[in-house]
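Visitor: Pasting the sequence and the predicted model now:
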Amino acid sequence: MSQSTVLSSHTVSSQAPTPLVRSYNVERSCIRCHERKVRCNKMVPCSACNKANAQCCYPGPEKTKRRSQRGKESQLYARLDKLERVLRGVPEPPHVEKDTSQLDDTISCNDLQSQSPEVLIVQPKSHKIHKTQSEPPEYQDPVLAQGFLVKDGVTTRYINEALLSQVLEKESELQSAIGTPTSASTLERRQAAFGFRGLISNPCISTTDLSTLFPTRSQATRLWHVWLTNVNPLVRLLHVPTTQPLFFAAVNNPTQALPDFSALLFSIYFAAVTSIDDSETNLILGQDRQSALNAYQYGLELSLHLAGFSDYPTIASIQAMSMYLMCRRNHNSGRSGWVLNGLLVRASQCIGLHRDGERFKLSPLECEIRRRLWWYITNIDGRVAEDHGIITGGYGSCCDTKFPLNINDTDLTADMKHTPRSREGPTEMTLPLVSIESSQAMQELHDIISRGPNCAEKVTRLKQSLEDFKARIQEKYLQYCDINIPIQRYAFFLGKVQIGKMEAMVRQQYLKGRAAENLSERVCDESLNHAIRVLEICILMKTDELLANYQWLCNTFTQYSGLTHVLWSLCVYPQSEGAEKAWSAVERSFELEERPGMPALGQKWNVLRKLRDKAISIRHALMSSQAPVNELQNPGPAQMQTVNINEDIYNMAIAEGLMWDLDFDMMSGLQAFSAEYDFQDRGIQS
């Protein structure tokens, strides 16, 4: 052997670590039994490994190096601190950086997504509801800081209870227990021994043959085109490019459609028939409108019953229920609609619509559909509540869902990986976004008003919030609307009406408690004219021939607040300069609302009728009085005859079971609709 060979072998042997040999020789358990902490009979192979048909390996004679106790202590402290935060429900401070090497057992999002059923962890981000383009703040409410979206087949389940979500994150084996059973032996759902049937469907509805309720293929095709023309532009709940192939596949073979998609079919048919009159319905279906509506409503209820809507809501079933409740207002304006909308909100929260889909790594198309659906449901919930004199608190505290994008349906595809950018200018989503942003701005004003007593600071905040909204909606949407295009004309008028309603709210709050004798005649007339212009826009929306395809929906929304303020003005100051114009707007509004075949009016309308009767009696009394002519010409507020009708109307409202949104203290002497401060009227034109 050469010297170089000896030197190289010596170098290698000197660098190799010398194994530590144990100083004692005892029989040890195999590695598998040691890890599982079960008794090992120390045979080769041992009985436990032999029974499990697993490889049996024993540790070698070398000694294992002990781990540093300092590292264990640091891991223990980190985990104890995390456990304390979980139990207290307090989110971790945003500036704390975790040592991921110490928390090596934390399951990553990708690991969880590989489990069955699929579990998606929400990313702890947040944003202000009305500022979708801004960067989210670093700190978020604890309720929104954690959450799971479990996807199981066609449905999903959202979980954000702090302890349970943390346990599921740590224990991946438990995640499969959250989903519904999918094996053949457990596929059948167990029927409850006692259930509440008939809330959505008839108690005997399961005996009905669903196939007898579907229209023919030709009729379904024509109803689809009616829906595309009259309904879809107003709501945009569906993504037409992906829904249309599914629709015609179901029309071609309706018995093979899933129950939740069958519900969506019947909802589309119901909406299409709602948007047309009797003659057109008879032309398409060969039957009267009411019979068709009854059949499609029955089919919807049966499909929702078969789909188990209350226990297993899906995107399709929620879309169906949303569209049905929107159209139901055209036939029934009772409180049941708002109650059912509450059920719809809860079903939406069950599948996590109130959490933005980006937090769960959903596709851009899924995120956008969920956003459209959630904001439509919450907005219609607040508007329906207004019909019954109720102001809801909104859902902002438990919601981080972004606003939908201002895009067209063609900008989204099912295989898209990256979210498209919002467009500048009019799109198919302009009208829904005007409605969404208006509703959220209205809710923000209600929130400010409800906090503490009235003061100058509150009024300043109200005025600033209103001015911000007016500038935002004008810059983003209204300036691009071409009023020669019907759907853009509708969006423009809707935005102006919403601005007018909010201006009235701010006026009321500013002038609350002011004395009527301090108000000038000019100010009273300006305020009355402002309210009249809002009514005139509503009248135009309900009579304009360009908007004929959309009037079935706007006919369901009565301008209670505008009519209330105009009638109150006519009662308190019956001979103001704008009285005749006001009476013209009032009579035209009542004529349109009480036309034969129009949607039934709720209890709140009875109060407006009573208020109009009071105004008419005051007007007739003044016309027949013997007062000098010079006292009746251009009277100021101090000269105008006023009538104390607060108690009478209030008692009647209570008798009707209403706690509605007339603040009589604010409106005494019509100070609620008078203005002493600079409040410019911006562009509300009939």
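Guide: Thanks, I have the structure now.

Visitor: show me the contacts for the nearest residue to Cys538 once chain neighbours are set aside.
Guide: Distances taken as CB to CB, 6 or more residues apart in numbering put Gln559 closest to Cys538, at 4.8 Å, once the chain neighbours are dropped. For the C-beta atoms, the positions are set from N, CA and C on the backbone; glycine is no exception. Gln559 sits next to Val497, Val534, Leu535, Cys538, Ser589 when contact means CB atoms under 8 Å, 6 or more residues apart in numbering.

Visitor: what does the model give Gly308 for pLDDT?
Guide: The model reports Gly308 with a pLDDT of 89.

Visitor: gap between it and Glu301?
Guide: 13 Å (CB to CB, to the nearest Å).

Visitor: can you check Leu264 too?
Guide: According to CB to CB, Leu264 stands 13 Å off from Glu301.

Visitor: Ala271 too?
Guide: From Ala271 to Glu301 the distance is 15 Å (CB to CB).

Visitor: about what we covered before: would you mind telling me which of Leu264 and Glu301 has more residues around it?
Guide: Between Leu264 and Glu301, counting by other CB atoms under 10 Å, Leu264 is the more crowded of the two (29 against 21).

Visitor: Quick check: which element contains the spatially closest residue to the more buried one that is not a sequence neighbour?
Guide: Nearest non-adjacent residue to Leu264, counting by CB to CB, 6+ apart: Ala320, 4.3 Å away. Assessed by DSSP states H and E, Ala320 sits inside helix 315-328.

Visitor: Likewise for His418?
Guide: If you go by DSSP H and E, His418 is not part of any helix or strand.

Visitor: Share the number of residues neighbouring it, please.
Guide: Close neighbours of His418, defined as other CB under 10 Å, add up to 7.

Visitor: what residues are up against it?
Guide: Contact partners of His418, counting by CB under 8 Å, 6+ apart, are Pro364.

Visitor: quick one: it from Pro259, how far?
Guide: Counting by CB to CB, the gap from His418 to Pro259 is 34 Å.

Visitor: Repeat that for Ser438.
Guide: To Pro259, Ser438 is 35 Å away according to CB to CB.

Visitor: thought Phe247 was touching His225?
Guide: No: in this structure Phe247 lies outside contact range of His225 using CB atoms under 8 Å: 11.3 Å.

Visitor: ok, the residue nearest to Cys538 to Tyr58 distance?
Guide: According to CB to CB, Gln559 stands 85 Å off from Tyr58.

Visitor: Next, Ser29: secondary structure please.
Guide: What DSSP: H, G, I helix; E, B strand; the rest coil gives for Ser29 is coil.

Visitor: and it, how many neighbours?
Guide: Neighbour tally, Ser29, other CB under 10 Å: 19.

Visitor: residue contacts, it?
Guide: With CB under 8 Å, 6+ apart, Ser29 has these contacts: Arg39, Cys40, Lys42, Cys46.

Visitor: Out of the residues you listed, which end up buried?
Guide: In these, burial by neighbour count holds for Cys40, Cys46, counting by 16 or more other CB atoms under 10 Å.

Visitor: from the contacts of Ser29, which is closest to Arg595?
Guide: Arg39 (86.5 Å; CB to CB).

Visitor: how many other residues sit next to Phe266?
Guide: Neighbour count of Phe266, defined by other CB under 10 Å: 26.

Visitor: just checking, it touches Gly299?
Guide: Yes: counting by CB under 8 Å, Phe266 does reach Gly299; the two are 4.0 Å apart.

Visitor: intersection of neighbour lists for those two?
Guide: In contact with both Phe266 and Gly299: Leu213, using CB under 8 Å, 6+ apart.

Visitor: before we move on, back to that, buried subset of the contacts of Gln559?
Guide: Val497, Val534, Leu535, Cys538, Ser589.

Visitor: need the residues you listed in JSON lines with secondary structure and distance to Tyr77, can you?
Guide: Listed next are the buried ones among the contacts of Gln559 as JSON lines, based on DSSP: H, G, I helix; E, B strand; the rest coil; distance: CB to CB, whole Å:
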{"residue": "Val497", "secondary structure": "helix", "distance to Tyr77": "60"}
{"residue": "Val534", "secondary structure": "helix", "distance to Tyr77": "63"}
{"residue": "Leu535", "secondary structure": "helix", "distance to Tyr77": "68"}
{"residue": "Cys538", "secondary structure": "helix", "distance to Tyr77": "65"}
{"residue": "Ser589", "secondary structure": "helix", "distance to Tyr77": "70"}
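
Visitor: wait, Arg236 sits on Val434?
Guide: No: judged on CB under 8 Å, Arg236 makes no contact with Val434 at a distance of 11.9 Å.

Visitor: For the helix or strand that Asn606 is a member of, output the C-alpha coordinates as CSV.
Guide: Element membership for Asn606 (DSSP H and E) is helix 603-624. Extracted as CSV, the C-alpha positions of helix 603-624 are listed here (Å, rounded to 0.1, in the frame of the first residue of the first chain):
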residue,chain,number,x,y,z
GLN,A,603,-99.5,48.0,6.7
LYS,A,604,-97.2,51.0,6.4
TRP,A,605,-99.3,52.2,3.5
ASN,A,606,-102.3,52.4,5.7
VAL,A,607,-100.5,55.1,7.8
LEU,A,608,-99.8,57.1,4.6
ARG,A,609,-103.4,56.9,3.6
LYS,A,610,-104.4,58.2,7.0
LEU,A,611,-101.8,61.0,6.7
ARG,A,612,-103.1,61.9,3.2
ASP,A,613,-106.7,62.1,4.6
LYS,A,614,-105.5,64.5,7.3
ALA,A,615,-103.8,66.7,4.7
ILE,A,616,-106.9,66.7,2.5
SER,A,617,-109.2,67.7,5.4
ILE,A,618,-106.9,70.5,6.4
ARG,A,619,-106.8,71.7,2.8
HIS,A,620,-110.5,71.7,2.4
ALA,A,621,-111.0,73.4,5.7
LEU,A,622,-108.7,76.3,4.7
MET,A,623,-110.3,76.6,1.2
SER,A,624,-113.8,77.0,2.8
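
Visitor: Kind regards, and thank you for your time.
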